[in-house]
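A.B. asks: I need the structure of the sequence given here:
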Amino acid sequence: LISSATKSLRMETEILEKKLQDAQMKLAEKDGDKEKEIQGLKRLISELEFQLTMEKNNNESFLDKLRKEIKHKSDELEKLTQERTQLIHSLSQVQEENSLLQDTVRRECSERRGLTLALGRAREQVLELRRLGGTFP
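C.D. replies: You can find the predicted model right below:
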């Protein structure tokens, strides 16, 4: 009876040891798979971090270019605004000068008409005097 029970316990122990070994092998296999998965995820994280760094650098470079372009356009706009202001001032001066010249021309034309009329009258008087027989000194 004892021998049979011992034999039975040994067989049960062997079966349990075999199950334990199988379970340990499966656990080791799962650990290996998990380690591979962890390594793969670490590589993926590294790649994504690298891509993120590259994108940040590209964005910063792009922003720097945009800032420089905005600065350049702003400077250009300021320069054009100053030129426009100067041109408006020059135009105002030219218009004022033109107005003065037009007034001067009007006065001179009026004087010329007056002188032309006076000259015409003087000619008529001279002709009238000649016709009447007068002589001029």
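
A.B. asks: Give me the pLDDT for Leu129.
C.D. replies: Here the pLDDT value assigned to Leu129 is 89.

A.B. asks: Also Thr135?
C.D. replies: Thr135 is assigned a predicted lDDT (pLDDT) of 59.

A.B. asks: Can you tell me the centre-most residue of the protein?
C.D. replies: By CA atoms, centre = their mean, the mean C-alpha position of the chain lies nearest to Ile70, the distance being 4.6 Å.

A.B. asks: what's the spacing between Thr13 and Leu1?
C.D. replies: To Leu1, Thr13 is 18 Å away according to CB to CB, to the nearest Å. Quick note: C-beta positions are derived from backbone N, CA and C, even for glycine.

A.B. asks: who's more crowded, those two?
C.D. replies: Thr13 (10 against 5; other CB atoms under 10 Å).

A.B. asks: Report the secondary structure element holding the more buried one.
C.D. replies: helix 2-131 (DSSP states H and E).

A.B. asks: what's that helix packed up against?
C.D. replies: With contacts defined as 3 or more CB pairs under 8 Å, 6 or more residues apart in numbering; DSSP states H and E, helix 2-131 has no helix or strand neighbours.

A.B. asks: mind showing which ranges of the protein have poor pLDDT?
C.D. replies: The model of the chain has pLDDT under 70 over residues 134-137.

A.B. asks: residues touching Asp75, list them.
C.D. replies: If you count contacts by CB atoms under 8 Å, 6 or more residues apart in numbering, Asp75 has none.
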